[in-house]
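In: Quick one: sequence plus predicted model below, questions after.
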Amino acid sequence: TYRNPLEVAKSMNKRDGNDIFPVSRGLTLWLQYTRAALENVKGLCTVYTSASKVFAEPVGELERIREDMVNVCGVELKRDPISVEK
């Protein structure tokens, strides 16, 4: 799951102030951590989503992630997932 880089940078700036965390530093850190994460999953089956999708439609997005893990990555479920009461 990734978060919009500008949202991350602005959040750190608001939390710590411009002297400690200017937006440019937050963007740089986001890029460094994202590159490192992508490097560490090379060769693995991955399913990507964004925080905004998870927050906007949590049940639907989690179902999509589950389907991709099963159908794309070949993950075998040991039991059926618990259904969410609506």
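Out: Perfect, I can see it now. Numbering: from 1, shown residues only.
In: Helices along the chain, start to end?
Out: 5-16, 23-40, 51-56, 58-71 (DSSP state H).
In: Let me have the ones you listed in a markdown table, adding distance to residue 77 and mean pLDDT as columns.
Out: All C-beta spots, glycine's among them, are computed from the backbone N, C-alpha and C. Shown next, in a markdown table, are these (distance: least, CB to CB, whole Å; pLDDT from 0 to 100):
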| stretch | distance to residue 77 | mean pLDDT |
| --- | --- | --- |
| helix 5-16 | 32 | 96 |
| helix 23-40 | 25 | 97 |
| helix 51-56 | 20 | 96 |
| helix 58-71 | 7 | 95 |
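In: Dump those to JSON lines, plus distance to residue 79 and mean neighbour count.
Out: What follows is these, written out as JSON lines (distance: least, CB to CB, whole Å; neighbours: other CB atoms under 10 Å):
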{"stretch": "helix 5-16", "distance to residue 79": "36", "mean neighbour count": "15"}
{"stretch": "helix 23-40", "distance to residue 79": "29", "mean neighbour count": "13"}
{"stretch": "helix 51-56", "distance to residue 79": "23", "mean neighbour count": "13"}
{"stretch": "helix 58-71", "distance to residue 79": "12", "mean neighbour count": "13"}
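In: could you redo those helices as JSON lines and give each row distance to residue 78?
Out: Below are the helices of the chain laid out as JSON lines (distance: least, CB to CB, whole Å):
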{"stretch": "helix 5-16", "distance to residue 78": "35"}
{"stretch": "helix 23-40", "distance to residue 78": "26"}
{"stretch": "helix 51-56", "distance to residue 78": "24"}
{"stretch": "helix 58-71", "distance to residue 78": "12"}
